[in-house]
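Participant: Pasting the sequence and the predicted model now:
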Amino acid sequence: MIEESATRHLGLDLGGTNIKWAVVERGGDAWATIATDHVGTPRTAGPEAIVAALASVGHDAIARCPGITTVGIGIPGLYDPVAGTTRFLVNVPGDWAGRPVAGPVGEALGLPAFLINDARAFGLAELRLGAGRGASSMIGLTLGTGVGGVIAVDGHVLQGHDGTTGELGHQTIDPDGPWCGCGNRGCLEAFARADQIAAACGTATAEEGIARARAGDARAVDGLTEIGRYLGIGIGNMIAVLAPDRVVLGGGISVATDLLIEPIRAELRRRVHTTSLDSVEIVAAELGTWAGAVGAAIHGAEHSVRPEPVGSSVDAVVAGAGIGAGGGRTGTGGPRDGARSIPGEAR
């Protein structure tokens with residue numbers, strides 16, 4: 001049960017199709033999600049319009065859930081956690097190198113704002129509210145268009161000096177394997193992303209491949225067995241390094257966890273001999289499509305000094321920053337450009 005003195009926190013999850021948002025309440029060590037929603041991402045309109053849309057979505061969320069004190073922003077790519085700027089975003093066109101995001105959004109909403117990678121946000125949400133609850137150490141994989149990852153130790157999602165700790169999809173599992181979008185050869189992602197699942201199953205999409213495997217199609221079953229083997233190699237590497245209590249599989253392809261689990265376990269039995277696999281749980285994520293937004297909200301809550309809450313006066317705050325409910329301009333800088341996430345701690 002959440003305490004009466006609970007605080008509220010907003011999470012924005014920027015995707016190539018939608019901007020999702022979630023508001024969570026925190027009371028001591030207890031968390032609860034109280035509202036979620038989404039709007040379409042203006043992905044072809046350019047970075048300035050997208051940053052303005054993030055602020056507009058935040059404005060609407062605050063109007064619906066007064067009392068929000070922080071905002072976390074999950075992004076599908078790389079960023080500078082000190083400057084609050086993006087470096088490169090996947091599936092969101094435009095020149096994102098050095099683009100201020102945390103500063104303009106935080107300034108528009110009158111709140112401290114913090115960036116986090118969307119896969120790390122997923123992991124933080126599952127760790128606090130989902131399938132990772134109670135684990136002392138956890139690794140997570142988001143399976144979809146790419147393969148994202150997260151590492152948590154002693155209840156903290158690790159970030160590294162620049163927010164990139166946990167890129168499990170970019171570990172090399174075959175030095176002479178196919179090229180990956182990151183520029184390396186033989187990454188786990190190059191073998192296990194959605195288009196490779198479709199190719200292995202002989203279908204147009206990964207979803208079709210999963211459906212055919214469920215129906216007993218031999219090629220699709222063999223294809224998912226092959227994908228499970230590659231995932232088992234990558235997960236086995238991480239078990240050898242971290243010996244986690246739990247492995248959480250999320251993302252759109254995690255609906256096939258029941259089809260992938262045995263090939264994964266078979267590969268682990270072949271490769272992991274330094275720790276007991278009986279102590280490692282492999283489970284499907286629990287929070288679904290909202291995990292990124294929920295995790296972004298938790299990230300903001302855990303990385304800010306508690307400010308004065310913003311309630312019914314949010315319209316005045318946003319109007320003063322030049323952004324209305326329908327979206328408008330954003331600032332290009334300001335005192336919150338330096339709002340930072342603290343590398344190496346729970347984010």
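Facilitator: Sure, I can see it.

Participant: ok, and for the longest helix seen in the chain, which residues are buried?
Facilitator: Secondary structure of the chain per DSSP state H: the longest helix is helix 218-242. Buried residues in helix 218-242, counting neighbours by 16 or more other C-beta atoms under 10 Å, are found at 220-221, 223-239, 242. C-beta: built from backbone N, CA, C; applies to glycine.

Participant: right, and the helix or strand after it?
Facilitator: Next helix or strand after helix 218-242 toward the C-terminus (DSSP states H and E): strand 246-250.

Participant: Tell me how many other residues surround the spatially closest residue to Leu111 that is not a sequence neighbour.
Facilitator: In this structure, Leu111 finds its nearest non-sequential neighbour in Val71, 4.9 Å apart by C-beta to C-beta, 6 or more residues apart in numbering. Per other C-beta atoms under 10 Å, the neighbour tally for Val71 reads 33.

Participant: go on, Asp154?
Facilitator: Residues contacting Asp154 under the criterion other C-beta under 10 Å number 8.

Participant: Look up how far Leu249 lies from the residue lying closest to it once chain neighbours are set aside.
Facilitator: Using C-beta to C-beta, 6+ apart and skipping the chain neighbours, the partner closest in space to Asp154 is Ser136 (6.3 Å). Taking C-beta to C-beta, to the nearest Å as the measure, Ser136 falls 19 Å from Leu249.

Participant: Mind checking which of those two has more residues around it?
Facilitator: More crowded of Ser136 and Leu249, by other C-beta under 10 Å: Leu249, with 24 against 11.

Participant: Return the residues in contact with the more buried one.
Facilitator: The contact partners of Leu249, taken as C-beta atoms under 8 Å, 6 or more residues apart in numbering, are 140-141, 143, 257, 260, 282-285.

Participant: I'd say the residue nearest to Asp154 and Leu242 touch.
Facilitator: No - Ser136 is beyond contact range of Leu242, at 10.7 Å (criterion: C-beta atoms under 8 Å).

Participant: Pull up the overlap in contacts between those two.
Facilitator: By C-beta under 8 Å, 6+ apart, Ser136 and Leu242 have these common neighbours: Val153.

Participant: Quick check: which element contains the closest residue to Ala55 other than its chain neighbours?
Facilitator: If the residues on either side of it in the chain are set aside, Ala55 comes closest to Ala108, at 4.0 Å by C-beta to C-beta, 6+ apart. Using DSSP H and E, Ala108 sits in helix 102-109.

Participant: What would that helix look like as PDB? C-alpha coordinates only.
Facilitator: Listed next in PDB are the C-alpha coordinates belonging to helix 102-109 (Å, rounded to 0.1, in the frame of the first residue of the first chain):
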ATOM      1  CA  ALA A 102      16.300  16.800 -21.000                       C
ATOM      2  CA  GLY A 103      16.900  20.600 -20.800                       C
ATOM      3  CA  PRO A 104      14.100  21.800 -23.000                       C
ATOM      4  CA  VAL A 105      11.500  19.300 -21.800                       C
ATOM      5  CA  GLY A 106      12.400  19.900 -18.100                       C
ATOM      6  CA  GLU A 107      12.300  23.700 -18.600                       C
ATOM      7  CA  ALA A 108       8.900  23.500 -20.400                       C
ATOM      8  CA  LEU A 109       7.400  21.500 -17.600                       C
END
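
Participant: Next secondary structure after it?
Facilitator: strand 113-117.

Participant: angle of that next one against helix 102-109?
Facilitator: Angle, strand 113-117 to helix 102-109, by axes from the mean of the first three to the mean of the last three C-alpha atoms, to 10 degrees: 140 degrees.

Participant: from the chain's centre, how far out does strand 113-117 sit?
Facilitator: 10 Å (C-alpha atoms, centre = their mean, to the nearest Å).

Participant: again, but for stretch 223-238
Facilitator: Relative to the centre of its chain, stretch 223-238 is centred 21 Å away, using C-alpha atoms, centre = their mean.

Participant: How about stretch 211-224?
Facilitator: Distance of stretch 211-224 from its chain centroid, counting by C-alpha atoms, centre = their mean, is 29 Å.

Participant: Now the terminal residues of it, how far apart.
Facilitator: Taking C-alpha to C-alpha, to the nearest Å, stretch 211-224 runs 11 Å from one end to the other.

Participant: Need the mean per-residue confidence for it.
Facilitator: Confidence for stretch 211-224, expressed as mean pLDDT, is 97.

Participant: neighbours of Leu277, just the number please.
Facilitator: The local packing of Leu277 (other C-beta under 10 Å) involves 14 other residues.

Participant: Please read the previous query as pertaining to Asp278.
Facilitator: Asp278: 6 neighbours (other C-beta under 10 Å).

Participant: Kindly report the same for Val23.
Facilitator: Val23 has 23 neighbours, counted by other C-beta under 10 Å.

Participant: same deal with Val150?
Facilitator: For Val150, the count of nearby residues is 30 (other C-beta under 10 Å).

Participant: go on, Pro178?
Facilitator: Counted with other C-beta under 10 Å, Pro178 comes out at 12.

Participant: what's the spacing between the residue lying closest to it once chain neighbours are set aside and Arg269?
Facilitator: Nearest in space to Pro178, with sequence neighbours left out and distances taken as C-beta to C-beta, 6+ apart, is Ala190 at 4.7 Å. If you measure Ala190 against Arg269 using C-beta to C-beta, the figure is 24 Å.
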